[in-house]
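Participant: Give me the fold of what follows.
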Amino acid sequence: MSNRAALVILTACLAGGCAGSVPESAGSGGGGPGADAPCPPEKLVCVGDPDGHVVCRCQGELWDCSKYPEKCEENQPPTTATAPPVSPMPQGGGTYRCETSSAGPLLGAASAFNVFVLGDLDKSGSDTEGRMAVGGNAKLAGYSVGTALTNSNGARDDLIVGGNLTFNGGTVPNGNAAYGVSASLSGVSFPNGSARQAKPLNFAGAGAELKQTSAKLAAMAPNGSTFTAFSQVQLKGSAAQVNVFKVDGAALSSASSLSVAAPAGSTVIVNVGGADVQMSSVGYSISGTDRQRVLFNFHQATTLHFEGVGLEGSVLAPHAKVEFSNGNINGVLAAGSLSGPGENHEHPFDGCAPAL
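Facilitator: Numbers count the residues shown, from 1 in each chain. As a prediction, the model looks like this:
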């Protein structure tokens, strides 16, 4: 933002256009100024949000100039004022439509699974509600696979491992386990299925397709609006069929809240850049569309860390080593490798395949 633009916004703030409220801690001798003192001009920073409001902060804390004008009226807006970066809105990617001819599911073979890992997997002490597929070796302990599925009476493979399966304590309650090389099973039950040696999936082909899909989605120009400031990431789209957003991985890694708004029934593609991305204790909200139509495409990530999240949507990270410390992902997780006890909830991706 230019100094002139910052000056205009700050002037609006001082005229009574700020949003927010003065925190109780402002007068406690903590990070904010005293309760009876105006905000130092060099500490007062204001910026516009996507809804046209002006949000001000004094030393990092919300500051309400309209409610407490005496806190601001003595300050003159500095000509060197700065504001957090705001992505251009809208980003001008045009209109995308859903492919309706012969296109298969956007995530290919992974669409039929709750967790789809191209390499190795190491998980314990939790569960995956849907089906799980692992192209390399899998280590499971105190774990359940397919708990939210219907009883297949042995007709469905709910756990598929291309390499070696080591499973100590747990259950596959509604289907079978298939392993490609060897299996070490201890204290594992299959009440409605069995374990057998078989290779029902072509992981090499599925992996190549996922990587190609990730690259194609990343090449789509954004047509939705992205707002990043004050540790918030807000995504707003208005396209009826497909809304595409671009988010910097560093902004997402430092975010404390993430919101997605798009028309009901529309597909949302969130392309996240950066090789090393983390989501930790992020509050999430979605409006209009639903989690089964939201896909986060970490197309550059080689390391991806989730901690304390309740992510509403599916994740495509075919190159990434995913560390899932705790929390839950409510959608498909397709990754390069996976470790950690985080839970995977069965909410299949139901978004359309954009016509690329």
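Participant: Under the pLDDT cut-off, which ranges of the stretch 201-350 of the chain? List them.
Facilitator: For the stretch 201-350 of the chain, no stretch has pLDDT under 70.
Participant: The stretch 1-150 of the chain now?
Facilitator: 1-93, 101-103.
Participant: Chain neighbours aside, what residue packs nearest to residue 356?
Facilitator: Sequence neighbours aside, residue 216 is the residue nearest to residue 356 in space, at 4.9 Å (criterion: Cβ to Cβ, 6 or more residues apart in numbering). For every residue, glycine as well, the C-beta is placed using N, CA and C.
Participant: If you count neighbours, what's buried in the host helix or strand of the one you found?
Facilitator: Element membership for residue 216, per DSSP states H and E: helix 203-218. Buried residues in helix 203-218, counted by 16 or more other Cβ atoms under 10 Å: 203, 206-207, 209-211, 213-214, 217-218.
Participant: Same check on stretch 156-171?
Facilitator: For stretch 156-171, by 16+ other Cβ under 10 Å, it's 156-167, 169-171.
Participant: For residue 287, state which of those residues is nearest.
Facilitator: Among the buried residues of stretch 156-171, residue 158 lies closest to residue 287 (Cβ to Cβ), at 33.3 Å.
Participant: can I assume the closest one is in contact with residue 145?
Facilitator: Yes. Residue 158 lies in contact with residue 145 (Cβ atoms under 8 Å); the separation is 5.6 Å.
Participant: Quickly list what's touching both of those two.
Facilitator: Common neighbours of residue 158 and residue 145 (criterion: Cβ atoms under 8 Å, 6 or more residues apart in numbering): 131-132, 172, 177.
Participant: just to revisit the earlier point, among the buried residues of helix 203-218, which one lies nearest to residue 267?
Facilitator: Taking the buried residues of helix 203-218 together and measuring to residue 267 by Cβ to Cβ, the closest member is residue 217, at 10.7 Å.
Participant: In contact with the closest residue to the closest one other than its chain neighbours: list those residues for me.
Facilitator: In this structure, residue 217 finds its nearest non-sequential neighbour in residue 297, 4.8 Å apart by Cβ to Cβ, 6+ apart. Residue 297 sits next to 214, 217-218, 269-272, 316-317 when contact means Cβ under 8 Å, 6+ apart.
Participant: For the closest residue to residue 197 other than its chain neighbours, list each beta-bridge partner.
Facilitator: Excluding its sequence neighbours, the residue lying closest to residue 197 (Cβ to Cβ, 6+ apart) is residue 179, at 5.9 Å. Judged by DSSP bridges, the bridge partners of residue 179 are residue 161, residue 197.
Participant: and what of residue 116?
Facilitator: Here residue 116, judged by DSSP bridges, has bridge partners residue 133, residue 334.
Participant: With residue 316 instead?
Facilitator: Judged by DSSP bridges, the bridge partners of residue 316 are residue 297, residue 334.
Participant: Hmm, it is touching residue 296, no?
Facilitator: Yes. With contact defined as Cβ under 8 Å, residue 316 reaches residue 296; the gap is 7.0 Å.
Participant: The two: which has the busier surroundings?
Facilitator: residue 316 (30 against 26; other Cβ atoms under 10 Å).
Participant: Show me the contact partners of the helix holding residue 216.
Facilitator: 106-110, 116, 118, 133, 135, 162, 244, 269, 271, 295, 297, 299-300, 316-319, 334, 354, 356.
Participant: Make a ChimeraX selection of the buried ones in these.
Facilitator: Selection command for ChimeraX covering only the buried members of the contacts of helix 203-218, criterion 16+ other Cβ under 10 Å:
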select :106,107,108,109,110,116,118,133,135,162,244,269,271,295,297,299,300,316,317,318,319,334,354
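Participant: Please flag which of the contacts of helix 203-218 sit within strands.
Facilitator: Of the contacts of helix 203-218, the ones assigned to strands by DSSP state E are 116, 133, 244, 269, 271, 295, 297, 316-319, 334.
Participant: Tell me which two of the residues you listed sit farthest apart.
Facilitator: 133 and 244, at 27.5 Å, using Cβ to Cβ across the ones in strands among the contacts of helix 203-218.
Participant: buried set for stretch 245-254?
Facilitator: 245-249, 251-253.
Participant: who touches that stretch?
Facilitator: Taking Cβ under 8 Å, 6+ apart as the rule, stretch 245-254 contacts 87, 91, 222, 224-226, 228, 231, 233, 235, 237, 258, 268-280, 298, 300-301.
Participant: Narrow those residues to just the buried residues.
Facilitator: 87, 222, 224-226, 228, 233, 235, 237, 258, 268-274, 277-279, 298, 300-301.
Participant: So which elements touch the helix or strand where residue 168 lies?
Facilitator: For residue 168, the element it lies in under DSSP H and E is strand 164-171. Packing partners of strand 164-171 (3 or more Cβ pairs under 8 Å, 6 or more residues apart in numbering; DSSP states H and E): strand 138-145, strand 176-179, strand 182-189.
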